[in-house]
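Novice: coords below, sequence missing:
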């Protein structure tokens, strides 16, 4: 991986409406490349008396920043395409989902599942098989039910210990449960 490869991937992604094929490990490779750049910059900074004035340190810092910016822009463009493809897939439309990285595939699968679940809930409300979400009692009851189910299924040592005297999870426990989701 190098900056030219990263910029090339970004340029291709801009030109195409569909996802370009990227290897599964693409983002891991980018992370390793940026880590190597930082390590080289840090080594150079240790070798000179005035690292903030050193041209090589500045150049390496600029390269780190550029690589991070290009990778983030590429990721954001690709995520937009993944979301679009997931919405089509959830509507049972044919989609081309090849070329996703491991992280994008996980996002895609999760989005398709969530969109499908949301569609089922909405259709159940529309058919009268479920209470409308605007019903405050039904919404609170459903939220309590969902929370107790997820608390049991996603309990971690951190979230179990982080309960208040009332027995409900604290904000920290909610955050740790969300982070694990």
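Specialist: That came through, no problem. Remember, it's a predicted structure, so these values are computed and weren't measured experimentally. Numbers count the residues shown, from 1 in each chain.

Novice: spatially central residue in this protein, please.
Specialist: Central residue of the chain (Cα atoms, centre = their mean): residue 107, 6.9 Å from the mean position.

Novice: element containing that one, please.
Specialist: Taking DSSP states H and E as the definition, residue 107 sits inside helix 102-127.

Novice: same question, residue 129
Specialist: If you go by DSSP H and E, residue 129 is not part of any helix or strand.

Novice: gap between it and residue 123?
Specialist: Going from residue 129 to residue 123 by Cβ to Cβ, to the nearest Å gives 8 Å. Where C-beta positions appear, they are placed from N, C-alpha and C, glycine not excepted.

Novice: packing partners of the helix ranked longest in the chain?
Specialist: Looking across the chain with DSSP state H, the single longest helix is helix 55-90. Packing partners of helix 55-90 (3 or more Cβ pairs under 8 Å, 6 or more residues apart in numbering; DSSP states H and E): helix 3-15, helix 26-47, helix 102-127.

Novice: list the buried residues in the shortest one.
Specialist: Judged by neighbour count (16 or more other Cβ atoms under 10 Å), helix 3-15 contains these buried residues: 6, 9-10, 13.

Novice: and the direction of that helix versus that of helix 55-90, what angle?
Specialist: Per axes from the mean of the first three to the mean of the last three Cα atoms, to 10 degrees, the angle that helix 3-15 makes with helix 55-90 is 30 degrees.

Novice: what's next to helix 3-15, contact-wise?
Specialist: 19-20, 22, 26, 30, 33, 63, 66-67, 70-71, 73-74, 77-78 (Cβ atoms under 8 Å, 6 or more residues apart in numbering).

Novice: and the longest helix of the chain, what's its mean pLDDT?
Specialist: For helix 55-90, mean pLDDT rounds to 96.

Novice: state the mean pLDDT of stretch 13-30.
Specialist: Here the average pLDDT along stretch 13-30 is 94.
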